[in-house]
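Participant: quick one, structure for this:
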Amino acid sequence: MIQQYLHEPAGLLPFLLYFSLALIFLFVILGFVMFAILSERKVMGYMQLRHGPSHVGGRWGLLQTAADVFKLLIKEDIIPKLADKPLFIIAPVIAFAPAFMVLATMPFTDRFQFADIGIGLLYYIAISGITTVGVVAGGWASNNKYALLGAMRAAAQMISYEIPLVMSVVGIVLLSGSLNLNDIITAQQEGFWFILLQPLAFIIFVIASVSELNRTPFDLPEAESELVAGYHTEYSGFRWAFFMLTEYVYLFAMSALTTILFLGGWLPLPFLEFIPGAVWFALKFSVVVYVLIWIRASFPRMRADHLMEFGWKVLLPLALANIFLTAIMKEILKLI
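Facilitator: Here you go, the predicted model:
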């Protein structure tokens, strides 16, 4: 019945249905964010030989994130006297909205996807870049030198690492012959997962995605040891929570995209086809999330100049070499 309404022409009922599904999905994402923050704290705690949250909500600290969210909700919303008030207010929304929008084209299973468009991969890359506009706007509107420095770092970092990120997936587009995320998964069903055919692209993609997420060791825009809190120095309460929420929703989105592009999405391992596709997607997705947490707990922050140098002098040439090798490999396979 729902499928029937979704394929009907534009009208009030399909709109309300889409809106309701999006709202439910938003709460699912927020649930993931709360779990991810708690999980990250616990995992990093054990990696660093400490317990992590262990008081609020029992010995596992299960309600610690909920308590933090409640604290942010009731905190005073302070706007600096000399800030650009309208831009200061809207910047967190500009940063957060694209993080949720990119999930529209993600095929979580063969039956669960909001929009199956032919350029799903291009859509993700294009929309995710808008978040930096919100970050730069927030930093500039704060009228604070530390916030502005953090915003400028965020823009420079996005420009430097968006290029290798896009270049690394060109090999996958060449092999699958499509920008549609469903077609990319189907191409892996007919052959091997792309992590086996594109190992160099996978490494470049993961490094560039960590930089795009502004997570350690690439968290230069909010380097607390240098810039107080970076681009959100002047933010407090729920507006600050919006920026944090953006980071973890992108963690969800980037982990899902990595699962789709390199790990076959919902496709099962051989002889284990009886396990539902949703379970396979969740397992692969969880592995990617914990690898990103592991990276955060293991590496120190890079210097800003080293970060730029690594992006332009190492990742970009490797990404271009990967495209060249993939094209040669595809032509050789055609001849065979």
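Participant: contact partners for Ala67?
Facilitator: Residues in contact with Ala67, defined by C-beta atoms under 8 Å, 6 or more residues apart in numbering, are 56-57. No exception for glycine: its C-beta is placed from N, CA and C like everyone else's.
Participant: next, Pro53: phi, psi?
Facilitator: phi -60, psi 130 (degrees, to the nearest 10).
Participant: what separation do you get for it and Phe238?
Facilitator: 21 Å (C-beta to C-beta, to the nearest Å).
Participant: what of Thr259?
Facilitator: Counting by C-beta to C-beta, the gap from Thr259 to Phe238 is 31 Å.
Participant: look at these two and report which has more neighbours.
Facilitator: Comparing Thr259 with Phe238 by other C-beta atoms under 10 Å, the one with more neighbours is Thr259, at 25 against 15.
Participant: surely that one meets Gly265?
Facilitator: Yes. Between Thr259 and Gly265 there is a contact under C-beta atoms under 8 Å: 6.1 Å.
Participant: any weak-confidence spans in the chain?
Facilitator: Residues of the chain meeting the criterion pLDDT under 70: 1-11, 221, 223-226, 336.
Participant: how is it carved up into domains?
Facilitator: Listed by automatic domain parsing, the domain ranges of the chain are 1-71, 75-335.
Participant: buried deepest among those, which one?
Facilitator: Greatest average neighbour count among these goes to domain 75-335 (a mean of 19), per mean count of other C-beta atoms under 10 Å.
Participant: after the longest helix along the chain, which helix or strand is next? Please name it.
Facilitator: The helix that spans the most residues within the chain, counting by DSSP state H, is helix 12-47. With elements assigned by DSSP states H and E, the helix or strand that comes after helix 12-47 is helix 64-74.
Participant: how about that following helix as PDB, C-alpha atoms only?
Facilitator: Output of helix 64-74 as PDB, limited to C-alpha atoms (Å, rounded to 0.1, in the frame of the first residue of the first chain):
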ATOM      1  CA  GLN A  64      25.100   9.700  29.600                       C
ATOM      2  CA  THR A  65      24.400  10.900  26.000                       C
ATOM      3  CA  ALA A  66      20.700  11.600  26.800                       C
ATOM      4  CA  ALA A  67      21.800  13.600  29.900                       C
ATOM      5  CA  ASP A  68      24.200  15.600  27.700                       C
ATOM      6  CA  VAL A  69      21.500  16.300  25.100                       C
ATOM      7  CA  PHE A  70      19.100  17.400  27.900                       C
ATOM      8  CA  LYS A  71      21.800  19.700  29.300                       C
ATOM      9  CA  LEU A  72      22.300  21.300  25.900                       C
ATOM     10  CA  LEU A  73      18.600  21.900  25.500                       C
ATOM     11  CA  ILE A  74      18.200  23.800  28.700                       C
END
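Participant: tell me the angle that helix makes with helix 12-47.
Facilitator: 120 degrees (axes from the mean of the first three to the mean of the last three C-alpha atoms, to 10 degrees).
Participant: could you say which helix or strand contains the residue nearest in space to the middle of the chain?
Facilitator: Geometric centre of the chain, nearest residue: Tyr250, 2.8 Å, by C-alpha atoms, centre = their mean. Using DSSP H and E, Tyr250 maps to helix 237-262.
Participant: now do Glu273 against Val279, distance only.
Facilitator: 12 Å.
Participant: again with Ser176
Facilitator: Where Val279 is concerned, Ser176 sits at a distance of 24 Å (C-beta to C-beta).
Participant: how about Glu234?
Facilitator: 44 Å.
Participant: Pro300 too?
Facilitator: 36 Å.
Participant: same question, Leu121
Facilitator: With C-beta to C-beta as the criterion, Leu121 and Val279 are 25 Å apart.
Participant: contacting residues for the nearest residue to Phe218 once chain neighbours are set aside?
Facilitator: Spatial nearest neighbour of Phe218, excluding adjacent residues (C-beta to C-beta, 6 or more residues apart in numbering): Ser211 at 4.1 Å. Residues near Ser211 by C-beta under 8 Å, 6+ apart: 157, 160-161, 218, 307, 311.
Participant: so which of those belong to helices?
Facilitator: Per DSSP H, the contacts of Ser211 map to helices at 157, 160-161, 307.
Participant: tell me the one of those residues nearest Val102?
Facilitator: When the ones in helices among the contacts of Ser211 are compared for distance to Val102 (C-beta to C-beta), Tyr161 wins out at 16.5 Å.
Participant: so that closest one sits against Gly311, correct?
Facilitator: Yes. Tyr161 is within contact range of Gly311, at 5.2 Å (criterion: C-beta under 8 Å).
Participant: overlap of the contact sets of these two?
Facilitator: In contact with both Tyr161 and Gly311: 208, 211, using C-beta under 8 Å, 6+ apart.
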